[in-house]
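A.B. asks: Fold the following for me, if possible:
(2 chains)
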Amino acid sequence: MSAIVLLLLGLGGMAAGYLFYSRFIANRIFKLDAEFRTPAHEFEDGVDFVPTNRYVLWGHHFTSVAGAAPIVGPAIAVIWGWLPAFAWVVLGTIFFAGVHDSGALWASVRNRAKSVGALTGKVVGHRARTIFMIVIFLVLLMVNAVFGVVIAKLLINNPGAVVPVWGAIAVALVIGQLIYRRIIGLGIVSVVGVVALYSLIYIGPQVPVALPEQVMGLSASASWILLLFAYAAIASLLPVWMLLQPRDYINGLQLFVGLILLYGAVLIGNPTVVAPMINVDVPPGTPSLLPLLFVTIACGAISGFHGLVASGTSSKQLDRETDARFVGYFGAVGEGSLALAAIIAATAGFASLADWQAVYTAFGKGSLTAFVDGGAAILAGGLGMEVGVAATLLTVMAALFAGTTMDTGLRLQRYIFQEWGEIYQQKWLTRPLPATLLAVVSCLLLAFGAGGADGSGGLLIWPLFGTTNQLLAGLTLLVITIMLVRRGRPAIYTLAPLAFLLVMTLMALLLQLKSFYDKQDWFLLGLDVVVLIAALLVTLECAAALKRAFAEPVEQSS
Amino acid sequence: MTGRIRGALKRLNELGTQYYNVPYRAAIARAKRDEEDLFMLLVFSEMMGIPNPAAWTTLELQPLLMDRFHEWHTRMGMERSPLDHFRCC
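C.D. replies: Here you go, the predicted model:
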């Protein structure tokens, strides 16, 4: 099987989804109206509400939602063969993620740009809002813990990437100062920044850095995890213009450069997909494809995180309501194309089936390492890059994405703690530093609790993260569905994905519950129970809210 | 032809600058506004009964800040000027 065929089929399918299905959804279901006065115009204040060019907004939306998650999920899920992961990413993007993301934008724009959390409170009910907060907290907790572990693994696997990964932070700090103090313009800064970053990537393999195996009784992996969380805590406390803003900008450029290079290398080198179409010979202990596939790949097929971005910031900047189709749906297509690149790298970047099987020896193996190694082989074959440099390039890309998610996640978690401090009148908790420390400690507990002293098993919670992320998506779909029902429009296009997600997440949770029990892993069992309770509450809330909505008379106005 | 290329580059730079600024526009604007609020409070503190050792210097600034005074007092939750002898709206 040629990787070009996979690439063209995937991109073609998603393009058709954007051209036809999204048009149908936008015109017939959401009935987007170019004349509708969007909150960006109604409440324009130069701070939160600013009408923004749709291409700029798309770029922002896409780079905010695309990170390491759409790479990790597919790179784990190809263990069942390339077809299931490929089909779920392509069909998920077309029928789930695109509708969910553009729907979240529409729902928010029609409700004075409220966030999904606030919308859940308004449209569904107060109880649902509380569940929503808990689910968000769980998602953030898990994503931070997992990504800490993932980056540590990457840095140990590829010591040549240590210098460029940390050097990129120095480059970002310099760029931040240059732009903030208006020393030179953005165009020159971008060129200088990109050249500096790629020079670091080039020299990285020549100056490999590896931590000693034991530092004060801690393994190298544990030391990296602690260092990464220290970095994330500091980054999340600094003023945003200093590090986060320039670093996000570099990441955005990296994302486009990385995607173009990978797709270009596939088109030139035409590697062969060595992984089986459907893996009938999965390693022992691999859970069943149904339902685990649908929670292993969350970002890239459908992810609740997107709803947060869409309703939190993008909806306040939407110039015209009809832009929701381009920004939301095409943003999801962008993310799907990243997941597709990850699938191709993890299935076509190996010389033979035996090499591939040597990497995918157990569930959770492979992941980013397979993406980096496979992708490097493809880049080397297609573009003639040196394998070490190519691997460093992809490691830096993945580590920067994951790092961004970590410090953004910590920042958001800190806000939640601060909010709780206000609600329960704990003054000390409302201050940034204690709240951040508490967030870091909770993530570290999870990272080490799930994986033991070296934190190596953190990837075990990946499917649980996917499950929680899907619950978040479910709540957003519920809000959209109820709005559609109240307007007397067909609700099947959001109701069917919602039902599918709920069934799959509940099944996955029960299945994992059994496997954690069999392994006598009480920590993960406890975590599973918490997520399961949240999932049951979400399901009950959906049933009750939909019953109420169907009983209500249809609103006359749109 | 050169004009066209220059125009396109200019447009690209504009879009790029927007792309750079969009994600954190709100956070930075809010931080700047907080700074501004503190500054206004310093300048007008004497009028509100808060002793200010630099009152002689800040007094000179008051006429220059008239335009921003309205925005400030509305943001502070006061519909009209809080000061009897300092009318605004």
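A.B. asks: Pull out the buried positions in the host helix or strand of residue A:56.
C.D. replies: Assigned by DSSP states H and E, residue A:56 belongs to helix A:54-65. The neighbour-count check on helix A:54-65 (16 or more other Cβ atoms under 10 Å in any protein chain shown) flags A:54, A:56, A:57, A:58, A:59, A:60, A:61, A:62, A:63, A:64, A:65 as buried. Where C-beta positions appear, they are placed from N, C-alpha and C, glycine not excepted.
A.B. asks: Using the three-state scheme, assign residue A:46.
C.D. replies: For residue A:46, the secondary-structure state derived from DSSP: H, G, I helix; E, B strand; the rest coil is coil.
A.B. asks: I'd say it and residue B:29 touch.
C.D. replies: Yes: in this structure residue A:46 lies within contact range of residue B:29 using Cβ atoms under 8 Å: 6.5 Å.
A.B. asks: These two: who's more crowded?
C.D. replies: Between residue A:46 and residue B:29, counted using other Cβ atoms under 10 Å in any protein chain shown, residue B:29 has the larger neighbour count: 16 against 10.
A.B. asks: any weak-confidence spans in the chain?
C.D. replies: Defaulting to chain A. Low-confidence segments of chain A (pLDDT under 70): A:451-458, A:556-558.
A.B. asks: You answered for a different chain; I wanted chain B.
C.D. replies: Residue ranges of chain B with pLDDT under 70: B:82-87, B:89.
A.B. asks: Residues of it that sit close to chain A?
C.D. replies: Contacts of chain B with chain A, taken as Cβ under 8 Å from any Cβ of the partner chain, map to B:9, B:13, B:15-20, B:22-31, B:33.
A.B. asks: Swap in 6 Å and give it another go.
C.D. replies: Contact residues, chain B versus chain A (Cβ under 6 Å from any Cβ of the partner chain): B:13, B:15-20, B:22-24, B:26-29.
A.B. asks: If you count neighbours, what's buried in the helix with the most length in chain A?
C.D. replies: Counting residues, the longest helix found in chain A (DSSP state H) is helix A:387-423. Going by neighbour count (16+ other Cβ under 10 Å), the buried part of helix A:387-423 is A:388-414, A:416-418, A:420-421.
A.B. asks: so what's residue 61 up against?
C.D. replies: In the absence of a named chain, this looks at chain A. Listed by Cβ atoms under 6 Å, 6 or more residues apart in numbering or on different chains, the contact set of residue A:61 reads A:314, A:327, A:331.
A.B. asks: right idea, wrong chain: chain B
C.D. replies: Taking Cβ under 6 Å, 6+ apart, one finds residue B:43 in contact with residue B:61.
A.B. asks: change it to 10 Å
C.D. replies: Each residue near residue B:61 by Cβ atoms under 10 Å, 6 or more residues apart in numbering or on different chains is listed here: B:39, B:40, B:42, B:43, B:44, B:54.
A.B. asks: If burial is judged by neighbour count, which of those pass?
C.D. replies: B:40, B:43, B:44.
A.B. asks: The residues of chain B next to chain A into CSV, with extra columns for secondary structure and distance to residue A:337?
C.D. replies: Below are the residues of chain B next to chain A laid out as CSV (DSSP: H, G, I helix; E, B strand; the rest coil; distance: Cβ to Cβ, whole Å):
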residue, secondary structure, distance to residue A:337
B:13, helix, 26
B:15, helix, 21
B:16, helix, 22
B:17, helix, 26
B:18, helix, 23
B:19, helix, 19
B:20, helix, 23
B:22, helix, 22
B:23, helix, 21
B:24, helix, 26
B:26, helix, 28
B:27, helix, 29
B:28, helix, 31
B:29, helix, 33
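A.B. asks: Quick check: residues of the stretch 301-450 of chain A near chain B?
C.D. replies: A:313, A:314, A:316, A:317, A:411 (Cβ under 10 Å from any Cβ of the partner chain).
A.B. asks: Please convert those residues to JSON lines, extending it with secondary structure.
C.D. replies: Below are those laid out as JSON lines (three-state DSSP):
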{"residue": "A:313", "secondary structure": "coil"}
{"residue": "A:314", "secondary structure": "helix"}
{"residue": "A:316", "secondary structure": "helix"}
{"residue": "A:317", "secondary structure": "helix"}
{"residue": "A:411", "secondary structure": "helix"}
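A.B. asks: Would you mind checking which of these is nearest to residue A:31?
C.D. replies: Comparing these against residue A:31 with Cβ to Cβ places residue A:314 closest, at 19.5 Å.
A.B. asks: which residues does the closest one contact?
C.D. replies: Listed by Cβ under 10 Å, 6+ apart, the contact set of residue A:314 reads A:40, A:52, A:57-58, A:60-61, A:64-65, A:101, A:104-105, A:108-109, A:113, A:306, A:323-324, A:327-328, A:331, B:22.
A.B. asks: do the same with residue B:19
C.D. replies: By Cβ under 10 Å, 6+ apart, the contact list for residue B:19 reads A:52-53, A:55-60, A:63, A:186, A:248-249, A:252-253.
A.B. asks: out of these, which one sits closest to residue A:24?
C.D. replies: Of the contacts of residue B:19, the one sitting nearest to residue A:24 (Cβ to Cβ) turns out to be residue A:58, at 20.2 Å.
A.B. asks: To what extent is residue A:352 buried, counted in neighbours?
C.D. replies: By other Cβ under 10 Å, 10 other residues sit near residue A:352.
A.B. asks: Need the nearest residue in space to it, chain neighbours excluded.
C.D. replies: In space, and not counting its chain neighbours, residue A:352 is closest to residue A:274: 5.8 Å by Cβ to Cβ, 6 or more residues apart in numbering or on different chains.
A.B. asks: In a helix, that neighbour, correct?
C.D. replies: No: with three-state DSSP as the criterion, residue A:274 is coil rather than part of a helix.
A.B. asks: quick one: it and residue A:344 touch, right?
C.D. replies: No: with contacts counted by Cβ atoms under 10 Å, residue A:274 stays clear of residue A:344, the gap being 11.4 Å.
A.B. asks: any shared contact partners between the two?
C.D. replies: Joint contacts of residue A:274 and residue A:344 (Cβ under 10 Å, 6+ apart) are A:3, A:82, A:374.
A.B. asks: Return the residues in contact with the first one.
C.D. replies: By Cβ under 10 Å, 6+ apart, the contact set of residue A:3 is A:82, A:265-267, A:269-274, A:343-345, A:347-349, A:378, A:382.
A.B. asks: contacting residues around residue A:380?
C.D. replies: Residue A:380 neighbours (Cβ under 10 Å, 6+ apart): A:265, A:269, A:349, A:386, A:387, A:388, A:389, A:390, A:391.
A.B. asks: Next to chain B in this structure, residues from the stretch 151-300 of chain A, please.
C.D. replies: For the stretch 151-300 of chain A, the residues in contact with chain B (Cβ under 10 Å from any Cβ) are A:175, A:179-180, A:185-187, A:189-190, A:239-241, A:244-246, A:248-249, A:252-253.
A.B. asks: and the closest residue to residue A:483 other than its chain neighbours, what element?
C.D. replies: Excluding the flanking residues, the one nearest residue A:483 by Cβ to Cβ, 6+ apart is residue A:107, at 5.7 Å. Using DSSP H and E, residue A:107 falls within helix A:98-109.
A.B. asks: Touching the helix or strand following that helix from outside, list them.
C.D. replies: Where DSSP H and E defines the elements, the next helix or strand beyond helix A:98-109 is helix A:116-119. For helix A:116-119, contacts defined as Cβ under 10 Å, 6+ apart pick out A:104, A:107-108, A:110-113, A:123, A:128-129, A:132-133, A:135-136, A:304, A:306-312, A:315, A:472-473, A:475-476, A:478-480, A:482-483.
A.B. asks: Show me these that map onto helices.
C.D. replies: Among the contacts of helix A:116-119, DSSP H puts A:104, A:107-108, A:128-129, A:132-133, A:135-136, A:304, A:306-312, A:472-473, A:475-476, A:478-480, A:482-483 in helices.
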